[in-house]
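Q: just need the structure, nothing else, for what follows:
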Amino acid sequence: MSVRRRSSRIHHLLPRHPRAFLGSSGDAGEACSFSLFSKPVEEEKDESSKTEDQIIFLLKKAKLSIMKGELQDAEQILHQALWLSQQSDNNDAITYTYDLTIILMNDLATVMDAQGAYDNAYNHAKKALELARQIEHPEQHVVLGNLAGILMHKESFTEAQRVYEEALRQAQKKGDSVAVQRIKEGLAELAQRRSS
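A: Residues are numbered from 1 along each chain as shown. You can find the predicted model right below:
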């Protein structure tokens, strides 16, 4: 059985953030610079800013874990980032963390799917979809498309068909022609697998 390769967007997930620093100390990844006339950067940061830096560091660490194939570590780190964002009162940090966690969990599911770990892939894609629906993420159709592909690989053809159709409706409504094309390719592969 051939596994269709899907492009993963892991390489460009995390935008550069002015306070983000992936340091080698393993701490919270905070930058520390000194000047003769000012306080060190970390003394000037308020608690919210430090929490945001920790969240960004965790998200980068999760991204790296996915790239290294350390999928269980990535999952645990993503849960830490979500927990930390929920503990803050910063709505921007919560939204940012959820947004990137959805993308990373979706990529994690894609990697697991490609490795043949369909049950784990399904669980991660389902979690990503739940989070996407919770915050009304604009790319739910992408998550749905990946979930449908995983269902197809699990040979849950009826459910895969239903999810692909929902993904297609959403992608067409958003005007995402690339996603529409990929979903149509998935539907064609599904029809081929059903007939064989």
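
Q: please count neighbours and contacts with C-alpha atoms only from this point.
A: Noted.

Q: could you pull up the residues touching Leu64?
A: Ala74 (C-alpha atoms under 8 Å, 6 or more residues apart in numbering).

Q: list the buried ones in the helix or strand hosting it?
A: Assigned by DSSP states H and E, Leu64 belongs to helix 47-67. For helix 47-67, a neighbour-count test (16 or more other C-alpha atoms under 10 Å) marks 50-67 as buried.

Q: what is the least confident helix or strand in this structure?
A: Across the helices and strands of the chain, the lowest-confidence element by mean pLDDT, DSSP states H and E is helix 41-44, at a mean of 49.

Q: just the helices in this structure please.
A: Here the chain has its helices, by DSSP state H, at 41-44, 47-67, 71-87, 91-114, 118-134, 140-153, 157-174, 177-195.

Q: out of these, which gets the lowest mean score?
A: With a mean of 49, helix 41-44 has the lowest mean pLDDT of the helices of the chain.

Q: just give me the neighbour total for Leu187.
A: Using other C-alpha atoms under 10 Å, Leu187 is surrounded by 21 other residues.

Q: wait, it touches Tyr164, no?
A: Yes: Leu187 lies in contact with Tyr164 (C-alpha atoms under 8 Å); the separation is 6.8 Å.

Q: how about the CA coordinates for stretch 167-180, as CSV?
A: Extracted in CSV, the C-alpha atoms of stretch 167-180 (Å, rounded to 0.1, in the frame of the first residue of the first chain):
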residue,chain,number,x,y,z
ALA,A,167,-13.0,19.7,3.9
LEU,A,168,-13.8,20.4,0.2
ARG,A,169,-16.8,22.5,1.1
GLN,A,170,-14.8,24.6,3.5
ALA,A,171,-11.8,24.9,1.1
GLN,A,172,-14.1,26.1,-1.7
LYS,A,173,-15.8,28.6,0.6
LYS,A,174,-12.4,30.0,1.6
GLY,A,175,-11.3,30.1,-2.0
ASP,A,176,-8.2,28.0,-1.2
SER,A,177,-7.5,26.5,-4.7
VAL,A,178,-4.4,24.6,-3.6
ALA,A,179,-6.4,22.9,-0.8
VAL,A,180,-9.3,22.2,-3.2
